[in-house]
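Trainee: with the sequence up front, the predicted model follows.
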Amino acid sequence: MLHATHEQIKLVGNKIGLNTEEIERILEVDAHHEFDIILKNGQKHKAFRIQHSDARGPYKGGIRFHPDVDSDEVKALATLMSLKTAAVNIPLGGAKGGVRVDPKMLNLKELEELSRKYVQKLAPHIGPNKDIPAPDVNTDPRIIDWMVDEYSRISGDTTRGSFTGKSIDGGGSEGRDAATGRGGVIVLSEYLRLKGMSGKKVSYAIQGFGNVGSFFGLVAAKEQKNWRMLAATDSSGGIYEKNSLWPSELEDFKKSGGRLRDYGIGQKINNDELVSANVDVLVLAALGSVVNESNAHLVKAKIVLELANGPVDDKAHKLLEARGVIVIPDILANAGGVIVSYLEWLQNLNQEHWTINKVNKQLNSLLKEAVINIFDRSVSSKMNIKEAALAVAMERILMAR
């Protein structure tokens, strides 16, 4: 991932005329924190926090608990977060953190101990005006609430703006759980408008009908009456139904303990088959590199929306582009989450709690403006959308530095 991220930056940097020094300034990270967390049970876990750039505002980025966390992965994700916040023009930088642990192997008490000790190590380097972490893979509002409490205990901070992704009672924002999926709907809708396709019927398939994918479907069903979901999968497999599926019914089925492969209607499909679904838009909300050199030729969709991080690898992107398939990149498509995190931070600093309508209105405004800017850059510079998003982001970072 780190190599791919650096190669993308170099490629776009050369296209927009950056010199070697300017490209290196974007590649460099500001700070690399690496340490061990030792629990009372004797377990030792490697932990990281990489702060890429605060040129445009405090560092921002999630914390993941996963057995495969390593320095290069965290560095790549921190770099991508700087690019994402710059691409959508919110005044934050980029960072990422992680602990190499399988949280399923810890009991609740050990999980809390791990969370608090992570903050103890990093307390001098984070805070509302320095670095604002958030949840990521295998972390959630409960873990973030522990971290906020620990940071407040150490620092005396009472704003609760030291972290985002908190529970509502802990100072979190309305709309945060749906933000990434909702943001994907906003981005796709605005892109279709700019292409003169508003109001036209759009069929789509979702790979990864989990938290992000289900919210995409639920918001789309409510707000985009001409869009139809024809296929969806989760880790168990899924279904294709040419006459349309109802996201709310699938969500209720999953909440009752069901898995999509057991849903009562439609043709049974697996995740590989979903990639080749005969739809207008392929929504990728699961894992990285699920569309790659081996299966890119199977994609029938005209548009691929990257709601996951890096679901289309570089070789596949080139193959899709050669066939005229548009890939709306992750740093734009899934930026709804970080935007609402930014709005949560603003609410905390001002000791406010906004209504869901106000949060969604702000999210809508920021994302639409970002899509328009990146679309215009794509047209004027004859770049694809991913290159245009990176170009806009890189130039904003360099201007701030």
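Mentor: That came through fine.
Trainee: what's near enough to touch Val299?
Mentor: 275-276, 282, 291, 320, 325 (CB atoms under 8 Å, 6 or more residues apart in numbering). For glycine as for every other residue, the C-beta is placed from the backbone atoms N, C-alpha and C.
Trainee: before we move on, what about Gly98?
Mentor: 47-48, 63-66, 69, 73-74, 136.
Trainee: ok so it is a strand residue?
Mentor: Yes. With DSSP: H, G, I helix; E, B strand; the rest coil as the criterion, Gly98 is located in a strand.
Trainee: could you check how far it is from His66?
Mentor: Here Gly98 is placed at a distance of 7 Å from His66 (CB to CB, to the nearest Å).
Trainee: elements contacting the longest helix seen in the chain?
Mentor: Longest helix in the chain, counting residues (DSSP state H): helix 356-381. Under the contact criterion of 3 or more CB pairs under 8 Å, 6 or more residues apart in numbering; DSSP states H and E, helix 356-381 touches helix 179-194, helix 330-333, helix 336-349, helix 385-400.
Trainee: one step back: in TSV: the contacts of Gly98, plus distance to Leu366 and secondary structure.
Mentor: Below are the contacts of Gly98 laid out as TSV (distance: CB to CB, whole Å; DSSP: H, G, I helix; E, B strand; the rest coil):
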residue	distance to Leu366	secondary structure
Ala47	32	strand
Phe48	29	strand
Ile63	24	strand
Arg64	25	strand
Phe65	29	strand
His66	29	strand
Val69	30	coil
Glu73	28	helix
Val74	26	helix
Asp136	21	coil
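Trainee: of those, closest to Glu110?
Mentor: Phe65 (11.5 Å; CB to CB).
Trainee: next one: that closest one from Met147, what distance?
Mentor: In terms of CB to CB, Phe65 sits 12 Å off from Met147.
Trainee: Tyr61 in helix, strand or coil?
Mentor: You called it Tyr, but residue 61 is Gly. Once three-state DSSP is applied, Gly61 turns out strand.
Trainee: which stretches of the stretch 1-150 of the chain form strands?
Mentor: Taking DSSP state E, counting those that start in this stretch as the criterion, the stretch 1-150 of the chain carries its strands at 31-38, 44-53, 59-66, 94-100, 131-135.
Trainee: quick one, what contacts the most centrally placed residue in the chain?
Mentor: Taking CA atoms, centre = their mean as the criterion, Asn334 is the residue nearest the geometric centre of the chain, at 4.5 Å. Contacts for Asn334 were tallied using CB under 8 Å, 6+ apart; they are 180, 183-184, 212, 306-309.
Trainee: equivalent analysis for Ala286, please.
Mentor: So Ala286 contacts 207-208, 210, 213, 233, 235, 271, 308, 311 (CB under 8 Å, 6+ apart).
Trainee: list the buried residues in stretch 207-217.
Mentor: For stretch 207-217, the neighbour count (16 or more other CB atoms under 10 Å) marks 207-209, 212-217 as buried.
Trainee: okay, among the residues you listed, which ones form the most distant pair?
Mentor: Gln207 and Phe215 (14.6 Å).
Trainee: elements contacting the helix or strand where Phe216 lies?
Mentor: Using DSSP states H and E, Phe216 falls within helix 211-223. Packing partners of helix 211-223 (3+ CB pairs under 8 Å, 6+ apart): helix 179-194, strand 202-207, strand 227-234, helix 247-255.
Trainee: please redo it, this time with the cut-off set to 7 Å
Mentor: Judged by 3 or more CB pairs under 7 Å, 6 or more residues apart in numbering; DSSP states H and E, the packing partners of helix 211-223 are helix 179-194, strand 202-207, helix 247-255.
Trainee: got those as TSV, with mean pLDDT and distance to Gly93 columns?
Mentor: Formatted as TSV, those follow (pLDDT from 0 to 100; distance: least, CB to CB, whole Å):
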stretch	mean pLDDT	distance to Gly93
helix 179-194	98	19
strand 202-207	97	31
helix 247-255	94	35
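Trainee: is it possible to export those to CSV including distance to Tyr342?
Mentor: Converted to CSV, the helices and strands packed on helix 211-223 look like this (distance: least, CB to CB, whole Å):
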stretch, distance to Tyr342
helix 179-194, 10
strand 202-207, 26
helix 247-255, 27
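Trainee: just after the helix-or-strand element of the chain with minimal mean pLDDT, pick out the following helix or strand.
Mentor: Lowest by mean pLDDT, DSSP states H and E among the helices and strands of the chain is helix 271-275, with a mean of 90. As assigned by DSSP H and E, the chain's next helix or strand after helix 271-275 is strand 281-284.
Trainee: for that next one, which strands pair with it and how are they oriented?
Mentor: Using DSSP bridges, the strands paired with strand 281-284 are strand 202-207 (parallel), strand 303-306 (parallel).
Trainee: the longest one vs helix 179-194, what angle?
Mentor: What separates the directions of strand 202-207 and helix 179-194 is an angle of 150 degrees, with axes from the mean of the first three to the mean of the last three CA atoms, to 10 degrees.
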